[in-house]
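[1] Turn this into a model:
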Amino acid sequence: MGAAPFESSVTVRIGADPPPRLDKALARDVPEEASLSRTRLARLIAEGAVRVGGAVVDDPKAKVVEGDIIEITVPVAAEVDVVAQEIALDVVFEDDDLIVIDKPAGMVVHPAPGSPDGTLVNALLHHFGGALSGVGGEKRPGIVHRIDKETSGLLVVAKSDRAHHGLAAQFEAHSVERKYLAVVHGVPDAADPRLRGVRGASFEAGNILKLTTQLARHKTDRQRQAVLFEGGRHAVTRARVVTPFGVPPQVALIECWLETGRTHQIRVHMAHAGHGLIGDPVYGGRRKLNAKALSPGALDAAQSFPRQALHAALLGFEHPGTGEMLRFEAALPEDMANLLQELGAPA
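    Predicted coordinates:
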């Protein structure tokens, strides 16, 4: 009896010297064209969709040996309970595997209790119009990284399991190139004795500030991340000054790049260094500026900027299907461009 129309099957023959566990052996030997990630395989094992020698095996630690024939029943992608909404998107690149979006400030990436709709995922479901192979067994876009609601800029989203698995592996390996532009209080400088006393801060050649800490959710404020030096997750941010503004300098446009990608990483790291982002309501970006050092227009623009001045300006990665190196850049959004113009940047 053949598979039901809502299922497909994948047959795997375990090769020589297999890992002793079923889940690891499958992760190694499942054909790449099956587009089954480790996470997806683990879920299928738990759901009883894997047979070894004709018998269902739902223990990921089950022993396998060379020559075992394993049958995997793969349900087609299920519809998800997220509403498709017609929301304009700035599409930078798209093919059958992935899409790159220049996200506007104010848009949440994924539906959550406080933001059930109007998100990037709602917009993408409408944009795809059903032409989505599905990720993890569901017809949904594969979110492999996020940027905060009030941060603008580039984001890549997977449209298939193959792309989701390949992109996630690159983010895990920290091989994705990501650069951000931010406007911060003060001017990070290796000559600043205060910065030399900040734990986790150091400078590399070219006056590049390096921040190395652990990050974890704040103990009392669940909306914040906190810098730690024991526990938490390893986080490394580098930053260089692009343009200082003010006489004496009060504000700087900086370029940041991430070795790791943790929640709020740039925002919390720059605040830890004493150079919080202009407009950041969570990490102290509402500090007063020296009124004598900036023009009235510049002072007002900086102190009234309505969000953290942060833009994901560059994104580079290897295409998970073709192996081609892709690199995208997104110009500053209007609000940040206007802020810099008021601060004195050339038009």
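[2] what about Phe245, neighbour count?
    Residue crowding around Phe245 was assessed by other CB atoms under 10 Å; the count is 22. All C-beta atoms are positioned from the backbone trio N, CA, C, and that covers glycine.
[3] wait, it sits on Leu343?
    Yes - Phe245 is in contact with Leu343 according to CB atoms under 8 Å; the separation is 4.1 Å.
[4] Spell out which residues are contacts of both of the two.
    Common contacts of Phe245 and Leu343 (CB atoms under 8 Å, 6 or more residues apart in numbering): 251, 294, 298.
[5] Just the ones of these in helices?
    When the shared contacts of Phe245 and Leu343 are checked against helices (DSSP state H), the matches are Ala298.
[6] closest to Ile45 among the shared contacts of Phe245 and Leu343?
    Nearest to Ile45 among the shared contacts of Phe245 and Leu343 is Val251, at 54.0 Å by CB to CB.
[7] Identify the residue nearest that closest one in space, chain neighbours excluded?
    With CB to CB, 6 or more residues apart in numbering as the criterion, Val251 has its nearest non-adjacent residue at 4.6 Å, and that residue is Phe245.
[8] pLDDT at the one you found, what is it?
    For Phe245, the model assigns a pLDDT of 96.
[9] Gly2 now?
    With respect to pLDDT, Gly2 scores 44.
[10] Same question for Ala62.
    On the pLDDT scale, Ala62 is placed at 93.
[11] what's the answer for Pro113, then?
    Here, the pLDDT recorded for Pro113 equals 64.
[12] Same check on Ala105?
    pLDDT for Ala105: 96.
[13] And for the one 3 residues further on?
    pLDDT, the model's per-residue confidence, is 90 for Val108.
[14] ok, now Ala123?
    92.
[15] what about it, how many neighbours?
    Ala123: 21 neighbours (other CB under 10 Å).
[16] Could you do Asp148 as well?
    When counting by other CB under 10 Å, one arrives at 20 neighbours for Asp148.
[17] ok, and what's touching stretch 236-248?
    Outside stretch 236-248, the residues touching it (CB under 8 Å, 6+ apart) are 181-182, 187-189, 204, 206-212, 251-260, 265-266, 269-270, 289-290, 293-294, 298, 340, 343-345.
[18] how about 7 Å then?
    Identification of contacts with stretch 236-248 by CB atoms under 7 Å, 6 or more residues apart in numbering yields 187-188, 206-212, 251-260, 265-266, 269, 293-294, 298, 343-345.
[19] Name the residues of that stretch that are buried.
    Using 16 or more other CB atoms under 10 Å as the test for burial, stretch 236-248 gives 236-239, 241, 243-246.
[20] Report the secondary structure element holding the residue nearest to Leu332 when sequence neighbours are not counted.
    Spatial nearest neighbour of Leu332, excluding adjacent residues (CB to CB, 6+ apart): His311 at 5.7 Å. Using DSSP states H and E, His311 sits within strand 310-318.
[21] Kindly calculate the angle that the helix or strand that that strand is followed by makes with strand 310-318.
    Using DSSP H and E, the helix or strand that directly follows strand 310-318 along the chain is strand 325-329. Comparing the axes of strand 325-329 and strand 310-318 via axes from the mean of the first three to the mean of the last three CA atoms, to 10 degrees yields an angle of 160 degrees.
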